[in-house]
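Chemist: Provide a 3D model corresponding to the input given below.
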Amino acid sequence: MRIHHHFLTAVVFTISSSFSALAQTNFPQSPVTIVVPYGPGGGADIFTRTIAPKMGEKLGQPIVVENKAGGGTAIAASDVARAKPDGYRILLGDVSTFSTNVHLYQRLSYDPRDLTSISLAGRSPYLLLVNPKVHPQNSLSEFISSVQKAPTGTISYGSAGNGGPSHLAAEMFVRGAGVSLIHVPYKGSGPALPDLLSGNIGMMFMDYAPAKAQIAGGKLRALAVTSTQPISILPGIPTLASTYPGFEAWFWIALAAPKGTPTATIDKLREAYIYAINDPETRKTLVEAGIEPLQSSSSEMDTYVKSESVRLGRIIKEAGIQLD
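Modeler: Numbering: from 1, shown residues only. As a prediction, this is how the structure comes out:
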């Protein structure tokens, strides 16, 4: 009996298609890793470790959180962009990863287009934090006045990375106040915190999560917030927009997978993420850490990423920040 070659090919193709479809619908069969582009202790790390248990519960597999700091989030982003597009290795990237690195590096080790959007994840405004021993002023206006009077090159501030969102928030402040400050970059807000507490740096724009205990204990003082409205967790702290109209800066994060990850897998990951942030306990923990949980479709995330790239790209260009 002669079997046509085409028929055999069709049978093989159908079987292999069925297997790959099965692999997608049975995803995940083993633990899923979320790569965080910062060291432990910062807002992105706190966020990921908070949502991981509930995401794992929904997926039926544990979620492993892996920290890969450095390169303005490029090390972690390159790692995930080059990973197998099967949903087992995904990224919790941020504003730098998706929107600003393209403006900062002439040679970037990854292409943001090699990452597929899963969902916007969360955002936090920055707080203008000072060490009260270095800057004893009690109000934003007193602080601005003292900074403006200080001799050039005498006041330093920290950031969570060169050209990163906390650096850009500080640049907006520097240009608004018309002052000259020394920039000291760190690999995340976690590593910057000890220097801010010891007074090695006197001020920093930092999200609330890593600094919460120190603010409560009076070791750090929040003088202003970078959201357009005051925040409920720190009532009475003015917005920078009230002094400098239009001032707005957010640390936002989002989930992405390698380009080519099957849509069914992306959908499962998004569902697990939404399940996690809608769990009352998880949500409460995030809100108390000053993080506003967000959720979106892939296309909504793409649109937001583009608009932020335009807005922040302008600030980078005007400030003349170039990282290579």
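Chemist: mind giving me the domain ranges of the chain?
Modeler: The record's domain split for the chain, according to automatic domain parsing, is 7-124+252-319, 125-242.
Chemist: what about stretch 180-191, average pLDDT?
Modeler: Stretch 180-191 shows a mean pLDDT of 90.
Chemist: What residues sit buried inside it?
Modeler: If you call a residue buried by 16 or more other CB atoms under 10 Å, then stretch 180-191 has these buried ones: 181, 184-191. The C-beta positions use only the backbone N, C-alpha and C, and glycine is treated the same way.
Chemist: Now do the helices in the stretch 151-300 of the chain.
Modeler: In order along the chain, the stretch 151-300 of the chain carries the following helices (DSSP state H, counting those that start in this stretch): 165-177, 189-198, 208-216, 263-277, 280-288, 298-319.
Chemist: Present these as TSV; the columns should include distance to residue 126.
Modeler: Listed next are the helices of the stretch 151-300 of the chain as TSV, based on distance: least, CB to CB, whole Å:
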stretch	distance to residue 126
helix 165-177	5
helix 189-198	10
helix 208-216	9
helix 263-277	21
helix 280-288	17
helix 298-319	13
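Chemist: Could you say which of those is packed most deeply?
Modeler: Stretch with highest mean neighbour count among the helices of the stretch 151-300 of the chain: helix 165-177 (a mean of 22; mean count of other CB atoms under 10 Å).
Chemist: can you state the direction angle for that helix and helix 189-198?
Modeler: In terms of direction (axes from the mean of the first three to the mean of the last three CA atoms, to 10 degrees), helix 165-177 departs from helix 189-198 by 50 degrees.
Chemist: which residues touch residue 62?
Modeler: When contacts are counted by CB atoms under 8 Å, 6 or more residues apart in numbering, residue 62 touches 31-32, 56.
Chemist: helices and strands of this protein: which one bottoms out on pLDDT?
Modeler: Lowest mean confidence among the helices and strands of the chain (mean pLDDT, DSSP states H and E): helix 5-25, at a mean of 52.
Chemist: and the very next helix or strand once past it, what does it pack onto?
Modeler: Of the helices and strands lying after helix 5-25 in sequence (DSSP states H and E), the nearest is strand 32-36. Based on contacts counted as 3 or more CB pairs under 8 Å, 6 or more residues apart in numbering; DSSP states H and E, the elements that strand 32-36 packs against are helix 43-59, strand 63-67, helix 74-81, strand 89-94.
Chemist: and the angle for the longest one with helix 189-198?
Modeler: Note on geometry: by the same axes, to 10 degrees, helix 43-59 and helix 189-198 are set 140 degrees apart in direction.
Chemist: mind listing what the spatially most central residue of the chain touches?
Modeler: With distances taken as CA atoms, centre = their mean, the chain has residue 94 as the residue nearest its mean C-alpha position (3.0 Å). Residues near residue 94 by CB under 8 Å, 6+ apart: 37, 44, 73, 165, 251-254.
Chemist: can you pull up the bridge partners for it?
Modeler: Residues found in beta-bridge contact with residue 94 (criterion: DSSP bridges) are residue 253.
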